[in-house]
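Colleague: just coords:
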Ligand code: CA
């Protein structure tokens, strides 16, 4: 059984897809506009999000981008427009697949199966995901950070911030990007909070014998680079 969120304003289509997916024992929740859809997408755990491109209140590309900034939930974009640019835009914003409307329900199901299989394979190979940078290592699943063999005690925010930086090692990260990843897009906090937490994090992870792991890029943000 899968939990599926379907964000689509055409109610007869939603209901038909809902009925078909329920018949196979899935749980399906429908959202008829972009804002409700985004709220549900981020607020609950889903196995799949089916996302229409043209939606009232907030369009599918924007929703997809916001989901991707925070979650890895598989997203299939559905759209009436089948142009190359739309397809590229959909995949660029992080959708896992793209289906032009009208589509056959069997094809949608088949694509969902492909994504599920791919995900299971990834899960097997990435279980106990380990990130490393110089002598720092982070086990994302166990939420353990170490310098060499010594464990470093970090708060949840500090840990999430370190993961965001290590996942993007050798790339400049703006304060806004870090704020999005660590505090979430609805965060009401100021980007200054990022500077404060970078300071906390440096105090905990830095080794006085070595240059700082996290570099400040003036006017841009931060980066972990050799
Ligand atoms: Ca629509």
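Modeller: Cool, the structure landed. Quantities reported herein were computed from a predicted structural model and do not represent experimental measurements. Residues are numbered from 1 along each chain as shown.
Colleague: Which positions within the top helix by length along the chain qualify as buried?
Modeller: In the chain, assigned by DSSP state H, the helix with the most residues is helix 105-126. Residues of helix 105-126 classed as buried by neighbour count (16 or more other CB atoms under 10 Å): 108, 111, 112, 115, 119. Just so you know, the C-beta spots here come from the backbone N, C-alpha and C atoms, and that holds for glycine as well.
Colleague: What is it packed up against?
Modeller: helix 11-23, strand 48-52, strand 75-79, strand 97-100 (3 or more CB pairs under 8 Å, 6 or more residues apart in numbering; DSSP states H and E).
Colleague: Dump the ones you listed into CSV; add mean neighbour count as well.
Modeller: Formatted as CSV, the helices and strands packed on helix 105-126 follow (neighbours: other CB atoms under 10 Å):
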stretch, mean neighbour count
helix 11-23, 14
strand 48-52, 25
strand 75-79, 24
strand 97-100, 18
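Colleague: Quick one: closest of these to residue 205.
Modeller: Closest approach to residue 205 among these (CB to CB): strand 75-79, 33.8 Å.
Colleague: report the angle between the axes of whichever helix or strand comes after the closest one and strand 48-52?
Modeller: Sequence order places helix 84-92 as the next helix or strand after strand 75-79, per DSSP states H and E. Here the directions of helix 84-92 and strand 48-52 differ by 150 degrees (axes from the mean of the first three to the mean of the last three CA atoms, to 10 degrees).
Colleague: Show me what helix 84-92 is packed against.
Modeller: So helix 84-92, by 3+ CB pairs under 8 Å, 6+ apart, packs with helix 60-70, strand 75-79, strand 97-100.
Colleague: CSV for those, including mean pLDDT and distance to the ion?
Modeller: Listed next are the helices and strands packed on helix 84-92 as CSV, based on pLDDT from 0 to 100; distance: least, CB to the ion, whole Å:
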stretch, mean pLDDT, distance to the ion
helix 60-70, 92, 8
strand 75-79, 90, 8
strand 97-100, 86, 13
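Colleague: Would you mind telling me which of those is nearest residue 208?
Modeller: That would be helix 60-70 among these, by CB to CB, at 35.0 Å.
Colleague: where's the closest one relative to the chain centroid, distance-wise?
Modeller: The chain centroid and the centroid of helix 60-70 are separated by 8 Å, computed with CA atoms, centre = their mean, to the nearest Å.
Colleague: Then stretch 217-226?
Modeller: From the chain centre to the centre of stretch 217-226 is a distance of 22 Å (CA atoms, centre = their mean).
Colleague: What residues of it count as buried?
Modeller: 221, 222, 223, 224.
Colleague: In strands, which of those appear?
Modeller: Judged by DSSP state E, the subset of the buried residues of stretch 217-226 located in strands is 221, 222, 223, 224.
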